[in-house]
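A.B. asks: here are the coordinates; sequence isn't available:
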């Protein structure tokens, strides 16, 4: 062997590269763009953070299938009978309309909060997450 040191350098280089790839995959953010920095039980938000929506668009959250929740918008909790739920999928949403807590979204910035908890527990164990959206 003319250059035994070369083999060692190549092996060490390959090991470092493999470790960097593994680290990048493990530490990558697995949340979709609209829910970055959100708890992992939140799979999607409607609308996404900072999105511009219309006055009649839905607001909601898609939670991990074993969770449930309620929504607040601008500090007002949406009554249970006005929420749309898909319980097996952990989805909860609200669409404004006549006779509802909000008949339409007013122009400007709004703050939504999803309060969520495991379906096997009570609301006393709930956590919350807030985000903002804009209405044009």
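C.D. replies: Ah, there it is. Note that the structure is predicted; figures quoted are calculated from it, not measured.
A.B. asks: okay, CA-based contacts and neighbour counts for the rest of this
C.D. replies: Noted.
A.B. asks: just checking, residue 86 touches residue 93?
C.D. replies: No: with contacts counted by C-alpha atoms under 8 Å, residue 86 stays clear of residue 93, the gap being 9.0 Å.
A.B. asks: neighbour-wise, which of those two wins?
C.D. replies: Between residue 86 and residue 93, residue 93 has the larger neighbour count (other C-alpha atoms under 10 Å), namely 21 against 13.
A.B. asks: could you find the closest non-adjacent residue to that one?
C.D. replies: Leaving aside its sequence neighbours, residue 93 sits nearest to residue 60 (C-alpha to C-alpha, 6 or more residues apart in numbering; 3.9 Å).
A.B. asks: give me phi/psi at the one you found?
C.D. replies: Note on residue 60: its backbone torsions stand at phi -180, psi -180 [degrees, to the nearest 10].
A.B. asks: what about it, how many neighbours?
C.D. replies: Quick note: residue 60 (other C-alpha under 10 Å) scores 25 neighbours.
A.B. asks: for residue 81, see how far away it is.
C.D. replies: Using C-alpha to C-alpha, to the nearest Å, residue 60 is found at 15 Å from residue 81.
A.B. asks: swap in residue 117?
C.D. replies: Taken as C-alpha to C-alpha, the span from residue 117 to residue 81 is 19 Å.
A.B. asks: between these two, who's got more neighbours?
C.D. replies: Using other C-alpha under 10 Å, the more surrounded residue of residue 117 and residue 81 is residue 117, with 21 against 7.
A.B. asks: which helices and strands does the helix or strand hosting that one pack with?
C.D. replies: Using DSSP states H and E, residue 117 sits in strand 108-118. If contacts are counted by 3 or more C-alpha pairs under 8 Å, 6 or more residues apart in numbering; DSSP states H and E, strand 108-118 sits against strand 59-63, strand 67-73, strand 127-135.
A.B. asks: need those strands in CSV (columns: distance to residue 109 and mean pLDDT).
C.D. replies: CSV is the format used below for the helices and strands packed on strand 108-118 (distance: least, C-alpha to C-alpha, whole Å; pLDDT from 0 to 100):
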stretch, distance to residue 109, mean pLDDT
strand 59-63, 13, 98
strand 67-73, 11, 98
strand 127-135, 4, 98
